[in-house]
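Enquirer: need a structure here:
(one chain, ligands or ions: 2)
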Amino acid sequence: MSENCLFCKIARGEIPARIVYKDDDCIVFHDINPAAPVHLLMIPRQHIVSMQDITDEDSVWLGRMMAQAPKIALENGCNAGPDGGFRLMANSGIEGGQEVLHLHFHIIGGKRPWKGQQVTIA
Ligand code: AMP
Ligand code: ZN
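Expert: Residues are numbered from 1 along each chain as shown. Ligands and ions are numbered 1, 2, ... in the order given. Next up, the predicted model:
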């Protein structure tokens with residue numbers, strides 16, 4: 001945990017968020033500025049800055065966390081099947097476009113067109 005980290009504060013319940021899923025590894029909540037009909041953020045409970053900090057030792061919890069993403073996407077409005085789907089992405093580091101420095105995966109989906117139909121964060 002990091003005292004002043006926004007997403008650690010959400011994980012600790014100190015800042016409100018629309019949480020849709022939690023387990024021992026992670027928390028998933030709605031992005032405050034959605035770029036598409038479905039826009040969730042999946043964060044590890046532990047404070048890790050970005051994918052740049054991930055090592056082999058993180059494989060197990062990270063794998064468990066990733067394995068939850070498809071189910072959470074479907075349960076929150078992403079569409080099933082080859083015509084549906086979702087985008088799962090982590091901006092990593094400043095050159096990667098990361099703004100909040102606590103590892104998070106965007107889960108983005110729903111009927112297109114999305115906001116601006118961009119390929120930046122959405
Ligand atoms: P990134 O640019 O990948 O670091 O994405 C940060 C994301 O966090 C953006 O999509 C923001 O809209 C989102 N965000 C910032 N503050 C909050 C908050 N308090 N609750 C939910 N989402 C947030
Ligand atoms: Zn944090």
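Enquirer: in stretch 5-24, which residues are buried?
Expert: Of the residues in stretch 5-24, 5, 7-11, 17, 20-21 count as buried by neighbour count, 16 or more other Cβ atoms under 10 Å. Every C-beta, even on glycine, is put in place using the N, C-alpha and C of the backbone.
Enquirer: and the top helix by length along the chain, which residues are buried?
Expert: If you go by DSSP state H, the chain has its longest helix at helix 59-75. By 16+ other Cβ under 10 Å, the buried positions in helix 59-75 come out as 62, 65, 69, 72-73.
Enquirer: same question, stretch 96-109
Expert: Going through stretch 96-109 with 16+ other Cβ under 10 Å, the ones that come out buried are 98, 101-109.
Enquirer: tell me the one among the residues you listed nearest to N79.
Expert: Lowest distance from N79 to these (Cβ to Cβ) belongs to G109, with 7.0 Å.
Enquirer: that closest one and G84 touch, don't they?
Expert: Yes: under the contact definition of Cβ atoms under 8 Å, G109 touches G84, with a separation of 7.3 Å.
Enquirer: just to revisit the earlier point, filter the buried residues of stretch 5-24 by proximity to ligand 2?
Expert: With respect to ligand 2, and counting by Cβ under 5 Å from the ion, the subset of the buried residues of stretch 5-24 in contact is 5, 7-8.
Enquirer: and the average pLDDT for stretch 105-117 is what?
Expert: Mean pLDDT, stretch 105-117: 92.
Enquirer: quick check: which ranges of the protein have low pLDDT?
Expert: Counting by pLDDT under 70, the chain contains low-confidence ranges at 117-122.
Enquirer: contact residues of it facing ligand 1?
Expert: Taking Cβ under 6 Å from any ligand atom as the criterion, the neighbours of ligand 1 within the chain are 6, 17, 31-33, 41, 91, 97-100, 121.
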